[in-house]
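Chemist: Generate a structure from the sequence data that follows.
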Amino acid sequence: MAPLHSVPLPVGIGSVFRRWGLPLLRLAAGITVLWFLAWQVGAAPFEDGLRAVTWQAVVAAVTLTALTTACSAWRWRVVARALGVGIGLPGAACAYYRSLFLNSVLPGGVLGDVHRAVTHGRRAGDVVRGLRAVAWERLWGQAIQAVVAVVVLLALPSPVRPALPYVLLGVVGAAGCAALAVRGAARRGRPRVARAARAVSSDLRRGLLAPDVWPQLTLASVLVVAGHTATFVIAARVAGSTAPLGELVALLMVVQVAVVIPLSVGGWGLREGAAAWAFAAAGLGAAAGVTVATLYAVLMLAAVAPGAGLLLGDAVRRRRDQGQPGESRRPDPAPRALEVVRD
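Modeler: Predicted coordinates for the structure are as follows:
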C-alpha cells in the first residue's frame, strides 16, 4: 500500500483559512445554535422578548450598565497601571463603552477588546503591554465571575448543582495539565513558551498579585457581576418570569458563564441556548429562557449604545482632521486597531 501523505493547502487558501478560519467557526457556531433554537421553540419566544421591552427596563439597564462599565474601566486602569501602561479613568470608561458596543455587534464578542487593547497600547507606546493589560483585565473578571457562579450554584438549588463537583474537578485537572505542559515546554528550551511563561510570572508577581492591586480588581469584578445579574433579573421579571429570586439568580449564573465563551453572532447564540437549557431543566420552559435572553440582549444593546456615539464621534474627528492637513495633530490609531485581528 502506498504511503499516505498530507496534501498542503495552496498558499492563498492556507492564508485565508488562518486569517478567517476561527471567526468563521465562531459565526457558524452562533448561527447553528440560533437555528436549532428556532427549530425547537419557534420564532414566538424571540418575538415575545422584543415585544416585552419597556422604557423603564431600558432606563434601568442603561443605569446599571453605566455603573458596571465604570467598575470595569476602574479594573482595567488598575491592571494597566500595574503593568506600566497607565490610563485615566474617563478615557478608560469611554474606551470600554466602545469595546462593549463592538463586542455586541461583531462576531465572536472579542473584537471590541482587541480594538481597545491595540488603541491604548499604541497611544501608550507599547502595544504588547496594552494587549496584556486588556487580556489580564478580562481574564481576572471572568475568573471572579466563575468563582461567584460556583458559590451561588453551590448555595442555591439549580439543575447543574449535582454535576458541579465533577465540573470543578475537570476544570482543576485541565488547569493543572496546562500548567505542567507549559512548564515542560519551557524547560525543553522553546523560546516563545519560555518568554510567555516569564511574562505571565512577572505580571502576576510584580503587578496583579501586589497587596494594593488584587483587592481592587476583585472588588471591581464582584460589582460588575452583581450589575449584570441585576440587569438579567430585571429582564426576567419584565418578560413575565415568576420564579423565586434565588432560583432565578442560579439560572442566570449558568447563562452568564456561557456568555463568556466567544462563539456568537454579535452576542447571540450560546446565551439564548444556555438560557433555554437552564430554564427547561428547572421546569420553567425553554421558550421562557429564550424570551428572557432575547429581552436581555435588546436591553444590553440599548445600554451600550453610547459606544456607537463615541465611535461616530471618532470618525467625524478623523474626517475633520484629514480636511485640515496644515495643522499638527497626533494621529488617532483607533481606525487601525482592528487590523491586528487580520495580521
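Chemist: where does the stretch 201-343 of the chain dip in pLDDT?
Modeler: Within the stretch 201-343 of the chain, the set of residues satisfying pLDDT under 70 comprises 262-266, 323-343.
Chemist: how about the strands of it, start to end?
Modeler: 264-265, 268-269 (DSSP state E, counting those that start in this stretch).
Chemist: I'd guess residue 98 is in a helix, am I close?
Modeler: Yes - assigned with DSSP: H, G, I helix; E, B strand; the rest coil, residue 98 falls within a helix.
Chemist: start the count at 36, not 1, going forward
Modeler: Understood, numbering begins at 36; the last thing we discussed is residue 133.
Chemist: Skipping adjacent residues, who's closest to it in space?
Modeler: With C-beta to C-beta, 6 or more residues apart in numbering as the measure, residue 342 is the residue that lies nearest to residue 133, at 4.7 Å, once sequence neighbours are left out. C-betas here are computed from N, CA, C, even on glycine.
Chemist: for the one you found, what are its contacts?
Modeler: Listed by C-beta atoms under 8 Å, 6 or more residues apart in numbering, the contact set of residue 342 reads 132, 133, 134, 135, 136, 137, 147.
Chemist: now do residue 186
Modeler: Shown here is residue 186, which makes no contacts under the criterion C-beta under 8 Å, 6+ apart.
Chemist: Name the residues of the host helix or strand of it that are buried.
Modeler: When secondary structure is defined by DSSP states H and E, residue 186 falls within helix 162-190. Of the residues in helix 162-190, those scored as buried under the neighbour-count criterion (16 or more other C-beta atoms under 10 Å) are 162, 164-169, 171-173, 175-176, 179-181, 183-185, 187-188.
Chemist: Now do it: distance to the chain's middle.
Modeler: Between the centre of helix 162-190 and the centre of its host chain there is 10 Å, according to C-alpha atoms, centre = their mean, to the nearest Å.
Chemist: So for that helix, mean pLDDT?
Modeler: Mean pLDDT, helix 162-190: 89.
Chemist: same deal with stretch 84-104?
Modeler: In this model, stretch 84-104 carries a mean pLDDT of 93.
Chemist: Stretch 114-124 too?
Modeler: Stretch 114-124 carries an average pLDDT of 90.
Chemist: and that stretch, how far apart are its ends?
Modeler: 12 Å (C-alpha to C-alpha, to the nearest Å).
Chemist: residues of it that come out buried?
Modeler: Of the residues in stretch 114-124, those buried by neighbour count under the rule 16+ other C-beta under 10 Å are 114, 115, 117, 118, 120, 122.
Chemist: Output those in TSV; the columns should cover distance to residue 282 and secondary structure.
Modeler: Supplementary listing: these in TSV, determined by distance: C-beta to C-beta, whole Å; DSSP: H, G, I helix; E, B strand; the rest coil:
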residue	distance to residue 282	secondary structure
114	35	helix
115	39	helix
117	39	helix
118	41	coil
120	43	coil
122	40	coil
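Chemist: Pick out whichever of these sits closest to residue 103.
Modeler: Proximity of the buried residues of stretch 114-124 to residue 103 was ranked by C-beta to C-beta; the top entry is residue 114 with 16.5 Å.
Chemist: what sits against that closest one?
Modeler: 168, 171, 172, 175, 242, 243, 248, 252.
Chemist: try 10 Å this time
Modeler: Contacts for residue 114 (C-beta atoms under 10 Å, 6 or more residues apart in numbering) come out as 120, 122, 167-176, 238, 242-243, 248, 251-252, 255.
Chemist: With residue 113 instead?
Modeler: 121, 127, 168, 172, 175, 242-243, 245, 247-252, 254-255.
Chemist: Residue 352: which of those residues is nearest?
Modeler: Looking across these and measuring by C-beta to C-beta, the closest to residue 352 is residue 127, at 19.0 Å.
Chemist: who does the helix or strand that closest one falls within touch, helix- and strand-wise?
Modeler: According to DSSP H and E, residue 127 maps onto helix 124-140. Contact analysis of helix 124-140 by 3 or more C-beta pairs under 10 Å, 6 or more residues apart in numbering; DSSP states H and E lists helix 90-117, helix 146-159, helix 162-190, strand 299-300, helix 321-338, helix 340-357, helix 369-372 as its packing neighbours.
Chemist: How about the residue positioned nearest the centre of the chain, nearest residue that isn't a chain neighbour?
Modeler: The geometric centre of the chain, computed from its C-alpha atoms, lies nearest to residue 295 (C-alpha atoms, centre = their mean), at 5.3 Å. Leaving aside its sequence neighbours, residue 295 sits nearest to residue 177 (C-beta to C-beta, 6+ apart; 5.3 Å).
Chemist: tell me the contacts of the one you found?
Modeler: 256, 291, 292, 294, 295.
Chemist: still on that earlier bit, between the contacts of residue 113, which sits nearest residue 192?
Modeler: Taking the contacts of residue 113 together and measuring to residue 192 by C-beta to C-beta, the closest member is residue 254, at 28.1 Å.
Chemist: Compute the first-to-last residue distance for stretch 153-170.
Modeler: 11 Å.
Chemist: Roughly how far does the residue nearest to residue 133 sit from residue 104?
Modeler: To residue 104, residue 342 is 9 Å away according to C-beta to C-beta, to the nearest Å.
Chemist: list residues touching both of those two?
Modeler: Listed contacts common to residue 342 and residue 104 are 129, 131, 132, 134, 135; contacts here mean C-beta under 10 Å, 6+ apart.
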